[in-house]
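# Sequence first, then the predicted structure, then my questions.
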Amino acid sequence: MRLEKYRKDFPILKIKINGKRLVYLDSAATSQKPKQVIEAITDYYQNYNANIHRSIHSLGEEATKAYEEARETVAKFINAEKPEEVIFVRNTTEALNVAAFGLRKIVSTGKILLSEMEHHSNLIPWQQLAKINNAKLDFVGFDQDGYLKIEELKQKARNAKVIAITQASNVLGTINPIKEIAEIASDAIIVVDGAQSVPHMPVDVQELDIDILAFSAHKMLGPTGIGVLYAREELLKKMEPFIFGSEMIKEVSFNNASWNDLPYKFEAGTPHIAGAVGFKAAIDYLQKIGMKNIRRHDQEITDYALKKLSKLVNIIGPKKAKDRSGLIAFTMNDVHPHDIAAILNEDGIAIRSGHHCAMPLHTKIGINASARASFYLYNTKQEIDLLVKSLEKVKRVFEK
Amino acid sequence: MRLEKYRKDFPILKIKINGKRLVYLDSAATSQKPKQVIEAITDYYQNYNANIHRSIHSLGEEATKAYEEARETVAKFINAEKPEEVIFVRNTTEALNVAAFGLRKIVSTGKILLSEMEHHSNLIPWQQLAKINNAKLDFVGFDQDGYLKIEELKQKARNAKVIAITQASNVLGTINPIKEIAEIASDAIIVVDGAQSVPHMPVDVQELDIDILAFSAHKMLGPTGIGVLYAREELLKKMEPFIFGSEMIKEVSFNNASWNDLPYKFEAGTPHIAGAVGFKAAIDYLQKIGMKNIRRHDQEITDYALKKLSKLVNIIGPKKAKDRSGLIAFTMNDVHPHDIAAILNEDGIAIRSGHHCAMPLHTKIGINASARASFYLYNTKQEIDLLVKSLEKVKRVFEK
Amino acid sequence: MKEIYSEIILDHWKNPRNKGRIENADIVIEDSNPLCGDKITFYLDFEKETIRDVKFEGSGCAISQAAASMLSEIVKGKNIYDIVKLEKDEIEKMLHVSLGPNRIKCALLPLKALKLGIYSYIGKKYKT
Amino acid sequence: MKEIYSEIILDHWKNPRNKGRIENADIVIEDSNPLCGDKITFYLDFEKETIRDVKFEGSGCAISQAAASMLSEIVKGKNIYDIVKLEKDEIEKMLHVSLGPNRIKCALLPLKALKLGIYSYIGKKYKT
Ligand SMILES: Cc1ncc(COP(=O)(O)O)c(C=O)c1O
Ligand SMILES: Cc1ncc(COP(=O)(O)O)c(C=O)c1O
């Protein structure tokens, strides 16, 4: 296991749950944090905490510098052309809201095309936009194996103004061919939900040729409360701001205000400075390992898990690890996913159960809920073996 | 100095700036953090970091419990009737946006009344609302000493649908008589910007009889990236949600969604869990000292500073410490506030300079910018003496 | 640690008591926990202020379904004003487990549905 | 630490060079830093590709006003294409200070205004 040595950086992996060492298989919900990230946050609060942008005392200058360096780090990480194309928000959900709301005049009554595998956060903002604008919402389906129906997309993309789609499904695990989609729909604004992809594989916005990308720090070793909206500069300039207040304005009188330059137009109020600092530390850490290595590791674990689990449970989504991100959702006939998760928890194994904020997807495949194990760079094959053993126990306990 | 002993809890107060011990007089921008808060955040990431609400493994249950306990702590701190009335947002700015946007159908074309001393964050969201709704925006002025014109307010409040006002001005320092205003305008929805008051004095939403209160954790010893929107339950039920996505919905199909119960209707996506945990630690810390003691301390320092500074600079706002919160904005004739701040910084003293996000207020009193020293529980009279000494140096350097 | 799935819970899950419908029941009430997909429908017959008969249908996790089954046994013949006083503590005692803030929602769903049913019965009574 | 307000800066602040207006200047350009209220107006006369004369008016902090004064001395008679190449580094060298990301905006305002002025001159030239 090539990445085993990094486990020691994650303090939480040493704790015990019900007397057993924690086996954390819920990184798709939120990842754990290496000590480098925790220490960066502590260092910020202990040594240079100050409000940013306006302040010219040394602490303020230092905090401003750190915050803007975080922006540059993110920009380089996704290969944005300019740091100003990176807007700090709370999470993927807010990023997609800022995008949908900001595009409302540009989209007008044009068609918005989504897929049927979207997370609620990439569905409900567009439902709202469609309602406000009286625009059409359309959906591309997925086949029995969980692959996006590309032929259907080709049809439906023709007159779409926006295509908003996830790069990796948080239930099916499917990795969608974003570059191909962007080529097919070169006239549409391509919005990508990167919540499950950016943490797990190299993502290059210029190479993919997309317009908007959303992702969360907390799913990629970073702190809670910070995420990113990336958008092309020309688009950001045209988009309406979402939150109004200090920092996002240039001039204000009692009855009027003019918006500030990018990226500040979209960042009102005191931002999550410590979050940006921690996020930078997380990206530095990921880059030290290398995103290709992380992707390879995820794939190895997923491949191993697919083989081991397929005899025991009903796996949802593609059969091949190379088409999946590092997560596996499954069901076990009669046994409710909550009960699976609860039994596993007795063995110290943390997995998720429910609809994973993808209710329409679950309805579509005819289930209420599923169990999901998800992996990251700190997981090992031994942990998969423990998962399998514990699932066998589930089977025994719930035998009718 | 009664609170002197608490200084040792703030690691940053030991650092040096340009070889001098830091004198931090910029708490109105953001406060420093005691080790109890920093440790609570570290503890969260090292021992029970997990996504909340949906997860039934032990870490998830523990994180959910901590997050909801933070909500209860905030609710008790401001004496809200129910924890569900506390919505976690990023900061005061977002809270006021959620309020203004959420009220848009309730306010309709009704008059929105603000004061002329509002921070941009309590001005621009209402400008936007007025624009969208084609509603009237009106302003209550303040007199030469920086006091709100109550007679004018009585006039203008008569047919106001919303009165949005700051409890403590971040430039004038004035503490506004919120309880009296709420009595005068008992039919209006009373929205209070508590960014500068909640950190510095006891604030009881039921006693004040207000409908909405906004404040930020980072100004009250807490982490960045988390703030609060308080609103009465009946009002929250009627308000439109602001951000759409996971957690804030109950049922979703491809074309429709129904909103979740309070407070989740307003909290979409993964929240700033570590922020809530740190915020709780900050409030616990403040309550241990007691908000009345903090208010008394602020007043003592402010009183002392007013006396010492009045010979040296032009003080903005009320003359009496008892009518002010713990901050003093001032100008020095010819010398630009930036230059004041820069010279002070050479002596390790951090103050703020600029328009403090209250441009219309500055225009009104005929200046472009001001310098501002602001105090909190960790400041001492000795630090005021250092400030005075350094201001004398400013005078010498910039003598023409 | 005590295991969460005791014999009793598993027994009620495998052999639910009072499962089914009552035709022409006085009150039929459905509630669900959309976050996890658990669903419960109670069929209730009343005799003045007591529950004369109760049956339920539902789908969901073992905790929610066992809780419904156990609750149906307990409340039959009981005074409705005593039932609406039942709280989280009693349910945890009944199930012999203590549950976290998320999982407890599964356990409380049947009680919530039952109370809703009782309230609508009371509401109906006072209307006529 | 080196003090931020050197003799030179204070001298230029107290006795600004080239302060005032040029009547009927080829280009009049105003820029401001709304975050702090600094304002600069440059009056520029050109002779082909050089700046023949320059004056400025403005209000703001010592750094921005001294930078304007010093810059006005430097650019007089210089080739415009050399001026637009000037960057942050040269300004810091000129002022003998190194400034943080916020304060540097004050120092750069005059250069920004000047470049804008030159570009509008170039724009004008190519139009006619
Ligand atoms: C009176 C007032 N309102 C609102 C704000 C905005 O607070 P935040 O930047 O945390 O959103 C501030 C702080 O700068 C303030 O002083
Ligand atoms: C595909 C996808 N999109 C969006 C989100 C929402 O992320 P967040 O909760 O950080 O806003 C998630 C995470 O749950 C996700 O998996």
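Structure received. Worth saying up front: this structure is predicted, and the values here are computed from it rather than measured. Residues are numbered from 1 along each chain as shown, chains lettered A, B, ... in the order given. Ligands and ions are numbered 1, 2, ... in the order given.

# Most proximal residue of chain C with respect to chain B?
In chain C, the residue found nearest to chain B is C:G100; the distance is 2.7 Å by CB to the nearest CB. Bear in mind the C-beta positions are built from the backbone N, C-alpha and C, glycine included.

# Could you grab the helix/strand/coil label for that residue?
coil (DSSP: H, G, I helix; E, B strand; the rest coil).

# what sits against it?
C:G100 makes contact with B:56, B:58, B:60-62, B:64-65, according to CB atoms under 8 Å, 6 or more residues apart in numbering or on different chains.

# Now do the SS call for residue 113.
With no chain named, the answer covers chain A. Of the three states, A:L113 takes strand under three-state DSSP.

# any idea how far it is from D:K88?
With distances taken as CB to CB, to the nearest Å, A:L113 is found 45 Å from D:K88.

# which one of the contacts of C:G100 is nearest C:I4?
Among the contacts of C:G100, B:I56 lies closest to C:I4 (CB to CB), at 9.9 Å.

# quick one, strands of the stretch 151-300 of chain A?
Across the stretch 151-300 of chain A, reading from the start of the chain, the strands by DSSP state E, counting those that start in this stretch fall at A:160-166, A:189-193, A:212-216, A:227-231, A:249-252, A:257-259.

# neighbour-wise, which of A:L113 and D:K88 wins?
Residue environment comparison for A:L113 versus D:K88 gives the larger neighbour count to A:L113, 25 against 13, counting by other CB atoms under 10 Å in any protein chain shown.

# right, and that one touches A:R158 too?
No. Taking CB atoms under 8 Å as the definition, A:L113 is not a contact partner of A:R158, at 9.7 Å.

# just to revisit the earlier point, may I see the strands of the stretch 151-300 of chain A arranged in a markdown table, with distance to A:K136, mean neighbour count and mean pLDDT as well?
Supplementary listing: the strands of the stretch 151-300 of chain A in a markdown table, determined by distance: least, CB to CB, whole Å; neighbours: other CB atoms under 10 Å in any protein chain shown; pLDDT from 0 to 100:
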| stretch | distance to A:K136 | mean neighbour count | mean pLDDT |
| --- | --- | --- | --- |
| strand A:160-166 | 9 | 25 | 98 |
| strand A:189-193 | 15 | 27 | 98 |
| strand A:212-216 | 20 | 29 | 98 |
| strand A:227-231 | 23 | 28 | 98 |
| strand A:249-252 | 35 | 19 | 86 |
| strand A:257-259 | 30 | 16 | 90 |
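
# among those strands, which is nearest chain D?
Relative to chain D, the nearest member of these by CB to the nearest CB is strand A:249-252, separated by 5.0 Å.

# so, in contact with ligand 1 or not, the closest one?
No. For strand A:249-252, no contact with ligand 1 is found by CB under 6 Å from any ligand atom; the gap never falls below 12.5 Å.

# Show me how far that strand is from its chain's centre.
For strand A:249-252, the gap between its own C-alpha mean and the chain's C-alpha mean amounts to 33 Å (CA atoms, centre = their mean, to the nearest Å).

# helices or strands next to that strand in the packing?
Identification of packing neighbours for strand A:249-252 by 3 or more CB pairs under 8 Å, 6 or more residues apart in numbering or on different chains; DSSP states H and E yields strand A:257-259, helix B:359-364.
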